[in-house]
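In: Give me a model of this one.
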Amino acid sequence: MGAANREQLRAVVALYVTVSVGVVRRRQYCSEEVVSALVHSLKTALTSDCVDLKAASYMILCQLCVTVTLNTTVVNRLVSRLGKVSFAAACYAYNVE
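Out: Down below sits the predicted model:
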């Protein structure tokens, strides 16, 4: 992936996290349908190969957990996804040893 594509992807991910966290923080806009859509996208994002998308999903998930009361089943599914997340790619992408 070229540098220009990476920058575009980072911009899209930044927009995604900004809008998502903003909606969750404003409880009056955070309906059950919105939470359902966010949880569905988080399940996909947490297993993505894109390190920036994983980081964004953690930020959204944290805000969601602080703002909204989640069903136990939903929490269990998200935690099981978190258990499958590999940080080796993140360390490689950012040259961390």
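
In: where's Asn49, which helix or strand?
Out: For the record, residue 49 is Asp, not Asn. Asp49 is part of no helix or strand, with elements assigned from DSSP states H and E.

In: Which secondary structure element is home to the spatially most central residue of the chain?
Out: Nearest to the geometric centre of the chain sits Ser57, at 1.0 Å (C-alpha atoms, centre = their mean). According to DSSP H and E, Ser57 maps onto helix 51-67.

In: Which elements pack onto that helix?
Out: On a contact count with 3 or more C-beta pairs under 8 Å, 6 or more residues apart in numbering; DSSP states H and E, helix 51-67 meets helix 3-25, helix 32-45, helix 88-93. Placement of C-beta: from N, CA and C, glycine included.

In: who wins for proximity to Arg77 among the ones you listed?
Out: helix 32-45 (6.8 Å; C-beta to C-beta).
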